[in-house]
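>>> pasting the sequence and the predicted model now:
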Amino acid sequence: MNTLSLFVPNQICFSHHSAMANPSALRKQISHVVFDMDGLLLDTEKFYTEVQIKILARYNKTFDWSLKAKMMGRKAIEAARVFVEESGISDSLSAEQFLVEREDLLKELFPTSELMPGAERLLRHLHAKGVPIALATGSHKRHFELKTQRHRELFALMHHVVLGDDPEVKQGKPSPDVFLAAAKRFEGGPADPSNILVFEDAPSGVLAAKNAGMSVVMVPDPRLDKSFHDKADLVLNSLLDFNPSEWGLPPF
Ligand SMILES: O=P(O)(O)OC[C@H](O)CO
Ligand SMILES: [Mg+2]
């Protein structure tokens, strides 16, 4: 650790509407980029929210953003356990039953998934400039296929994809498993985690990337409590606001 980093917090500026940044001089040189999927590249978190509101309403309970924050980014069964336990319905509905109940609704919604603003521009740019890119999602294979069915060409730009049901991903985010697996599979051998930049929307995902020793740009939903921003190296309102040059990556 250099002397300066003892005194400089991760984020220097804190304002809701502008990008929050640590100075470029303190940032790692980035060679590889790893993307989260749900809520970051694809606007799919709203589907989970919609379905979970409906299910909790049957128990006369409301779904709020403090519960959402605890679930997002996690593997399905891990998020399901949080859902039934935190909402106090585990005596009536098990985590496994919850997954079955929400499935019919989700599988109708996922094929309509749309890209988040700036996702296509950033993926195409990094790929065109030869920056190795990969996907690391908590989503399992069957949901991944449904969510990406309208975006096959874009997701094919990824060098590789690591899914939540990958055998190497023993535990979901905030465990570093999915990001460490992604780091290992780049062409030419494993990438050094300290040279990897992760894009994430979820508190558990930001923690997972930091636990893997990587730098993280967080692009959170504005409804997420700001206290979850603290662990990220940079917080942006949109992928459209990302400036590759600040990370030593080729400019747009
Ligand atoms: O945000 P992701 O891509 O890791 O996906 C996780 C879950 O499937 C949704 O929260
Ligand atoms: Mg996500």
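Yep, that arrived. Ligands and ions are numbered 1, 2, ... in the order given.

>>> up against ligand 1, what does the protein have?
When proximity is defined by Cβ under 6 Å from any ligand atom, the chain lies next to ligand 1 at 36, 37, 38, 39, 48, 72, 73, 137, 138, 139, 202, 205. In this view, the C-beta of every residue, glycine as well, is placed from N, C-alpha and C.

>>> try it again at 5 Å.
36, 37, 38, 72, 73, 137, 138, 139 (Cβ under 5 Å from any ligand atom).

>>> any chance you could map the strands in the stretch 51-200 of the chain?
133-136, 160-162, 196-200 (DSSP state E, counting those that start in this stretch).

>>> just name the most buried of those strands.
strand 196-200 (a mean of 28; mean count of other Cβ atoms under 10 Å).

>>> distance between the next helix or strand after that strand and the chain's centre?
Using DSSP states H and E, the helix or strand that follows strand 196-200 towards the C-terminus is helix 203-211. Distance of helix 203-211 from its chain centroid, counting by Cα atoms, centre = their mean, to the nearest Å, is 9 Å.

>>> likewise stretch 232-242?
Taking mean C-alpha positions (Cα atoms, centre = their mean), stretch 232-242 and its chain are 13 Å apart.

>>> show me which residues of the stretch 51-200 of the chain are close to ligand 2?
residue 73 (Cβ under 5 Å from the ion).

>>> relative to residue 137, how far out is the residue in the stretch 51-200 of the chain positioned nearest to ligand 2?
With Cβ to the ion as the measure, residue 73 is the residue of the stretch 51-200 of the chain nearest to ligand 2, at 4.8 Å. For residue 73, the distance to residue 137 equals 9 Å [Cβ to Cβ, to the nearest Å].

>>> can you work out which residues contact both of those two?
Common neighbours of residue 73 and residue 137 are listed as 36, 38 (criterion: Cβ atoms under 8 Å, 6 or more residues apart in numbering).

>>> where does this structure dip in pLDDT?
Counting by pLDDT under 70, the ranges of the chain that qualify are 1-25.

>>> so where do the helices sit in this protein?
45-57, 65-71, 76-86, 95-109, 119-128, 141-147, 152-155, 177-184, 203-211 (DSSP state H).

>>> distance to residue 190 and mean neighbour count added to the ones you listed, as TSV?
Putting the helices of the chain into TSV (distance: least, Cβ to Cβ, whole Å; neighbours: other Cβ atoms under 10 Å) gives the following:
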stretch	distance to residue 190	mean neighbour count
helix 45-57	30	17
helix 65-71	31	17
helix 76-86	26	19
helix 95-109	33	15
helix 119-128	19	17
helix 141-147	23	18
helix 152-155	22	13
helix 177-184	5	24
helix 203-211	16	25
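
>>> measure the closest residue to residue 172 other than its chain neighbours to residue 217 for me?
Sequence neighbours aside, residue 75 is the residue nearest to residue 172 in space, at 3.3 Å (criterion: Cβ to Cβ, 6 or more residues apart in numbering). Relative to residue 217, residue 75 is positioned 22 Å away (Cβ to Cβ).
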